[in-house]
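Asker: Whatever this is, show me its structure:
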Amino acid sequence: MCGIVGIIGGKPVSRLIYHSLFALQHRGQSSAGKLTYDGNIHVIKDVGLVRDVFDEEKKIDTPGNVGIGHTRYSTAGMDDLESLKKNAQPEYLVNPFLSAVQNGNIYNTSEMSKITERKPRTDCDVQWLLLPMADNLFKKELNADTIFDACKDVMNKLKGSYSALFLADSGDNPFLFSITDPYKIRPLVLGKNNGMYCLTSETRVFKKINFEYVKDIPGGSIIIIDKDGNIFEKQIIKKIEKPCMFEYVYFAKPDSRINARSVHNVRIEIGRLLAKENPIKADIVSPVPESGRHYATGFSRESGIPLDEGLMKDKDERSFIHQTQENRDKVVKEGLSFLRSVLKGKRVVLVDDSIVRGTNIRKLVRGVKEAGSKEVHIRVGCPPLIAPCYLGIDMRSRKEFLARESSGKIKAFDKIAKEVGADSLAYISLDGLRKAIGFDTCRGCIDFPDGYPSEMIDDVSNLFKKEGGGMRAYE
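Answerer: Predicted structure coming up:
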């Protein structure tokens with residue numbers, strides 16, 4: 001899972017990309033980077049947050065009326081600092097000049113490596129979009145037709161999820177173009193402002209840079225934009241879209257819209273249905289900040305139990321997307337305070353978006369009880385996560401799921417409650433989640449393997465069998 005942005009127009013784009021990356025920081029905290037182009041390549045990327053990578057004006061303001069940017073959440077390669085630095089995007093080639101950023105995960109990398117003689121410079125799967133695309137464009141006159149042909153060839157060979165942006169040029173004729181996987185697992189939207197165009201992961205970027213939303217890019221599509229603002233578009237593979245349910249549950253920010261559906265509204269509705277499906281007698285509903293807040297609001301409205309903030313977030317980091325368990329524990333330990341005046345003597349409903357490894361919830365229950373609460377009841381806005389994701393969420397091992405029995409079945413909820421120290425625990429149902437979102441989604445991590453798109457089921461089942469050694473199965 002990553003954040004991507006590309007902007008093209010008649011004015012310098014570097015500062016717009018910089019501000020866009022801040023709006024996408026929640027999608028990746030491993031590294032950040034941007035590349036702008038004015039006949040010369042201006043690229044800055046490094047491990048760390050956007051504010052750390054772009055810590056000088058000269059890094060923020062680079063020349064060029066076209067550029068792409070990226071915030072990375074690692075789902076390929078090692079997780080040490082040197083590897084994260086090496087795998088930072090954008091990635092580029094000079095013969096032909098082509099740069100790329102990717103959000104998603106390609107799981108047939110071994111197959112893709114056999115169709116090109118070019119050697120990857122990094123471990124990241126963006127290479128298997130970049131290198132074959134470069135082969136297709138090599139020594140070709142760059143125009144919409146040659147780009148369409150190149151994209152079609154590459155898309156027909158890729159397996160996995162991808163919303164990817166490319167910047168290409170031959171002579172003085174730069175193009176910004178994008179491809180999306182047929183099921184549109186990862187989001188991509190188009191915006192505009194006075195002849196400038198932006199392709200990015202979330203609509204919230206447009207509010208940040210004062211662009212107007214145009215549309216969500218369909219799955220299986222190619223969008224090409226030239227320097228004069230001409231747009232060329234084809235949908236070459238048409239499927240029923242199945243966007244990732246975890247975008248709605250956790251990754252996207254609530255002020256974004258995905259497939260014209262407000263993430264805020266979805267989370268409020270999940271909370272409402274969660275209360276309807278799993279009622280409880282309690283004194284207050286308290287959200288796990290920040291991602292549990294909208295669920296708790298919906299839960300409170302439906303149940304009639306007052307909403308109160310018993311937990312306070314001190315640190316603006318997301319524990320789930322940290323690369324190591326040690327860092328996830330550190331964020332939880334350092335990042336929350338418990339308000340004794342709110343919690344003491346109360347029966348508390350603690351509402352969270354999801355439980356993956358159980359890193360957060362054990363410490364939260366303990367903290368709420370130490371603050372004097374009488375009872376702690378956990379309610380979760382996502383059904384139990386039980387299987388690795390092979391399409392861009394870093395849940396690499398079947399062993400790390402709190403809700404999964406060794407047999408593969410979902411644990412009894414009272415058993416999970418006991419493990420985390422809660423008085424009760426319940427999740428929203430699969431049907432409830434589907435109803436709240438309003439259309440079908442990819443839900444392989446909660447309904448394995450049937451929740452994946454049908455043509456991927458055999459592939460992901462084989463990847464599941466290959467798991468071992470702490471590596472991701474597709475690496």
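Asker: which stretches of the stretch 51-200 of the chain aren't confidently modelled?
Answerer: 75-78 (pLDDT under 70).
Asker: Do you have the strands of it handy? List them.
Answerer: Counting by DSSP state E, counting those that start in this stretch, one finds strands in the stretch 51-200 of the chain at the ranges 66-72, 91-94, 97-106, 160-169, 175-180, 189-193, 196-200.
Asker: Kindly calculate the angle that the first one makes with strand 175-180.
Answerer: Computed by axes from the mean of the first three to the mean of the last three Cα atoms, to 10 degrees, the angle separating strand 66-72 from strand 175-180 equals 40 degrees.
Asker: tell me what strand 66-72 is packed against?
Answerer: strand 3-8, helix 14-23, strand 31-37, strand 97-106, strand 160-169 (3 or more Cβ pairs under 8 Å, 6 or more residues apart in numbering; DSSP states H and E). No exception for glycine: its C-beta is placed from N, CA and C like everyone else's.
Asker: would TSV of the strands of the stretch 51-200 of the chain with distance to residue 214 and mean neighbour count be doable?
Answerer: Converted to TSV, these look like this (distance: least, Cβ to Cβ, whole Å; neighbours: other Cβ atoms under 10 Å):
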stretch	distance to residue 214	mean neighbour count
strand 66-72	18	30
strand 91-94	27	18
strand 97-106	19	27
strand 160-169	16	26
strand 175-180	13	26
strand 189-193	4	20
strand 196-200	8	25
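Asker: Adding distance to residue 389 as columns, could you present these in CSV?
Answerer: Shown next, in CSV, are the strands of the stretch 51-200 of the chain (distance: least, Cβ to Cβ, whole Å):
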stretch, distance to residue 389
strand 66-72, 16
strand 91-94, 23
strand 97-106, 8
strand 160-169, 9
strand 175-180, 18
strand 189-193, 22
strand 196-200, 22
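Asker: so which of these gets nearest residue 79?
Answerer: Shortest separation from residue 79 across the strands of the stretch 51-200 of the chain is recorded for strand 66-72, at 11.6 Å, computed as Cβ to Cβ.
Asker: For residue 266, pull up the helix or strand it's in.
Answerer: Taking DSSP states H and E as the criterion, residue 266 maps to helix 263-277.
Asker: buried residues in that helix?
Answerer: For helix 263-277, burial by neighbour count (16 or more other Cβ atoms under 10 Å) applies to 263-275.
Asker: Convert it to PDB, retaining C-alpha atoms only.
Answerer: Written as PDB, here are the backbone C-alpha positions of helix 263-277 (Å, rounded to 0.1, in the frame of the first residue of the first chain):
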ATOM      1  CA  VAL A 263     -15.000   6.800   3.300                       C
ATOM      2  CA  HIS A 264     -16.400   8.800   6.200                       C
ATOM      3  CA  ASN A 265     -20.000   7.700   5.500                       C
ATOM      4  CA  VAL A 266     -18.900   4.000   5.100                       C
ATOM      5  CA  ARG A 267     -17.200   4.000   8.500                       C
ATOM      6  CA  ILE A 268     -20.200   5.700  10.200                       C
ATOM      7  CA  GLU A 269     -22.500   3.000   8.700                       C
ATOM      8  CA  ILE A 270     -20.100   0.200   9.700                       C
ATOM      9  CA  GLY A 271     -20.300   1.500  13.300                       C
ATOM     10  CA  ARG A 272     -24.100   1.700  13.200                       C
ATOM     11  CA  LEU A 273     -24.400  -1.900  11.900                       C
ATOM     12  CA  LEU A 274     -21.800  -3.100  14.400                       C
ATOM     13  CA  ALA A 275     -23.900  -1.800  17.200                       C
ATOM     14  CA  LYS A 276     -27.000  -3.400  15.700                       C
ATOM     15  CA  GLU A 277     -25.400  -6.800  15.300                       C
END
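Asker: Show me how this protein divides into domains.
Answerer: As assigned by automatic domain parsing, the chain contains the domains 3-241, 262-466.
Asker: Select, out of those domains, the one closest to residue 248.
Answerer: domain 262-466 (4.9 Å).
Asker: End to end on that closest one, go ahead and measure it.
Answerer: With Cα to Cα, to the nearest Å applied, domain 262-466 spans 37 Å between its terminal residues.
Asker: what's the spacing between that domain and its chain's center?
Answerer: 17 Å (Cα atoms, centre = their mean, to the nearest Å).
Asker: and that domain, average pLDDT?
Answerer: Averaging pLDDT along domain 262-466 gives 90.
Asker: Could you export the helices and strands packed on strand 66-72 to a markdown table, including columns for distance to residue 247?
Answerer: Converted to a markdown table, those look like this (distance: least, Cβ to Cβ, whole Å):
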| stretch | distance to residue 247 |
| --- | --- |
| strand 3-8 | 12 |
| helix 14-23 | 15 |
| strand 31-37 | 20 |
| strand 97-106 | 11 |
| strand 160-169 | 11 |
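Asker: Ok, which of those comes nearest residue 256?
Answerer: helix 14-23 (9.3 Å).
Asker: Give the other helices and strands that the closest one contacts.
Answerer: Against helix 14-23 (3+ Cβ pairs under 8 Å, 6+ apart) you get strand 3-8, strand 31-37, helix 50-53, helix 57-60, strand 66-72, strand 196-200, helix 204-209.
Asker: hang on, the earlier thing: with distance to residue 255 as extra columns, can I get the domains of the chain in a markdown table?
Answerer: Formatted as a markdown table, those follow (distance: least, Cβ to Cβ, whole Å):
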| stretch | distance to residue 255 |
| --- | --- |
| domain 3-241 | 5 |
| domain 262-466 | 7 |
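Asker: quick one: which of those is nearest residue 249?
Answerer: So among these, domain 262-466 is nearest, using Cβ to Cβ, at 4.6 Å.
Asker: what kind of secondary structure is residue 440 in?
Answerer: Under DSSP: H, G, I helix; E, B strand; the rest coil, residue 440 falls in the coil class.
Asker: For it, grab the count of nearby residues.
Answerer: Residue 440 has 14 neighbouring residues, counting by other Cβ atoms under 10 Å.
Asker: Repeat that for residue 159.
Answerer: Residue 159: 18 neighbours (other Cβ under 10 Å).
Asker: Can you tell me which of the domains of the chain is nearest to residue 250?
Answerer: domain 262-466 (5.1 Å).
Asker: picking that back up, which one of the helices and strands packed on strand 66-72 lies closest to residue 209?
Answerer: Closest among those, using Cβ to Cβ: helix 14-23, at 5.0 Å.
Asker: hmm, who's touching that closest one?
Answerer: With contact meaning Cβ atoms under 8 Å, 6 or more residues apart in numbering, helix 14-23 is reached by 3, 5, 7, 32, 34, 36, 42, 50-51, 54, 60-64, 67-71, 196, 198, 200, 202, 204-205, 207-209.
Asker: Select only the buried ones of these in PyMOL?
Answerer: Burial among the contacts of helix 14-23 is assessed by 16+ other Cβ under 10 Å; the matching PyMOL selection reads:
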select buried, resi 3+5+7+32+34+36+42+50+54+62+64+67+68+69+70+71+196+198+200+202+204+205+208+209
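Asker: Alright, that wraps it up for me.
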